[in-house]
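Novice: Could you work out the structure for the sequence below:
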Amino acid sequence: MTIREPHYSTRKWYIYLPTCRYFSNHTATVMTSRLKTGVLPTFDELPSFHDFKGCAWDVWGKDDELGTINLLTPEVVAQAAQEEIRLGRTVSLNWPIHFPSRPVFGRKIPSITTFGKYGPTIPVRDDIIHIVCPLPARLTDGTSLNALNLQNTQSGSQWDGLKHYGLTEHNVFYNNTPAETLSEGEMELHDPSEIDYSKVKLGMHNWANHGICGRGVLLDVVRYYTANGETLPYDPWTTHPITVAELEAIAKKQGVEFRQGDILLLRVGFIQKYYASTNEAKADLRGGSEKETFAGIEQSEDMKRFLWNNHFAAIASDQPSLERWPTPMGTQLHQTILGLYGMPIGEFFDLEALSELCQETGRYTFFFTSWPLNILGGAASPPNAAAYF
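Specialist: Numbers count the residues shown, from 1 in each chain. Purely as a prediction, here's the structure:
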């Protein structure tokens, strides 16, 4: 696999010295040397944090809250836009917020309510989408909003943020942020000038203000296996690992060469199967942990190297979990990808229309944009994502 590293402006990733725990003098010297030249360290040049290899906390500094989104510099975004937007065609990557109608992992069923704001005789309508917490109010029919279900920001299409998953054994999030220092519960905010940013650290607002925009790359695992009429050799709704060798073979077949800062999208097949399944089969997904079995990327050191050494800015798939689920004991990649790399994880992305357009155009790269909800201190958000050709 060829990895091209475009020229970047001298941003802050090369000016910090390593501070991760358990750094050897040799590792510190090698990594510091590479950072001073503006070249990101390889996975094997990163220090370890306890038993976790590949700690990237020092790459962008101890106060960083963007993680690999730092790779999406103005130069990278401009290059991607100039090269990829040619046809004026666009594709939404967001599954309707209503789906899945029965979310997995114990998350809330979507609750979207449209009501007549001034009663049924006046043509004014509002929507209520419950995402965070109930409000002490009532609809025109007298129904208390407190009685309605709440929708989790991770019920459907989503970005997992840096506050979503940390290193569970050590109770820290990205950049060695102790879990107990981050706020919980409902925040009452009135004056934007009086926000205590220590209370919203690592929140989704950081990515929302920066934007997740750059060159997107689709690796269409489903089409790779079924383009000639073959049957998909795995069931997306069962525990099945997608390997590095498979991803590299798909990239080669599609003619894709990765670039630093790419936003990687994987079509594994969950949503395709969802549309083809009965309502009974869909409902069965919410049958508890025994039913929550999904294909996804393998948990391996090779996968960790693949994701870091290609220096993707973000990764997403159409599966409920980016990584195969359930995970083998002690191997959760969420801890590395979010907790050590600071890399956004997207799940439930609707890649069906994108797959068709990529096939039609023969292009598997495109301009990608995502503007998450500007939730101060938020742990996750719908992606509001699109591809441009």
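Novice: in the protein, which ranges drop under the pLDDT threshold?
Specialist: Per-residue confidence of the chain (counting by pLDDT under 70) places the weak regions at 1-38, 101-112, 129-156, 287-290.
Novice: tell me the residue furthest from the middle of it?
Specialist: residue 121 (43.5 Å; C-alpha atoms, centre = their mean).
Novice: Now name the helix or strand holding residue 219.
Specialist: Taking DSSP states H and E as the definition, one finds residue 219 inside strand 214-220.
Novice: Report how many residues lie close to residue 177.
Specialist: Each residue near residue 177 was counted by other C-beta atoms under 10 Å, and the total is 19. No exception for glycine: its C-beta is placed from N, CA and C like everyone else's.
Novice: I figured it hits residue 203, correct?
Specialist: No - applying C-beta atoms under 8 Å as the test, residue 177 and residue 203 come out as separate, 11.3 Å apart.
Novice: Let me know the secondary structure of the residue farthest from the centre of the chain.
Specialist: Here residue 121 is coil, with the state taken from DSSP: H, G, I helix; E, B strand; the rest coil.
Novice: one step back: name the surrounding residues that touch the strand holding residue 219.
Specialist: Strand 214-220 is contacted from outside by 71-72, 76-77, 79-80, 83-84, 247, 250-251, 254, 256, 258-259, 261-267, 313, 351, 354-355, 358-359, 364-368, 387, using C-beta atoms under 8 Å, 6 or more residues apart in numbering.
Novice: can you check stretch 174-189 too?
Specialist: Contacts made with stretch 174-189 from outside it, assessed by C-beta under 8 Å, 6+ apart, are listed as 20, 49, 57, 62-65, 67, 132-133, 162-163, 166, 171-173, 195, 198-202, 338-340, 342, 376-377.
Novice: List the buried residues of stretch 185-196.
Specialist: When burial is assessed from 16 or more other C-beta atoms under 10 Å, stretch 185-196 yields the following buried residues: residue 187.
Novice: Could I get the full set of helices for the stretch 101-250 of the chain?
Specialist: Remark: helices assigned in the stretch 101-250 of the chain by DSSP state H, counting those that start in this stretch are 205-210, 221-226, 244-254.
Novice: End to end on stretch 41-61, go ahead and measure it.
Specialist: The stretch stretch 41-61 measures 14 Å between its terminal residues, going by C-alpha to C-alpha, to the nearest Å.
Novice: Oops, could you answer that again for stretch 181-191 instead?
Specialist: This stretch, stretch 181-191, spans 22 Å end to end (C-alpha to C-alpha).
Novice: from the middle of its chain, how far away would that stretch be?
Specialist: When C-alpha coordinates are averaged (C-alpha atoms, centre = their mean, to the nearest Å), stretch 181-191 and its chain have centres 23 Å apart.
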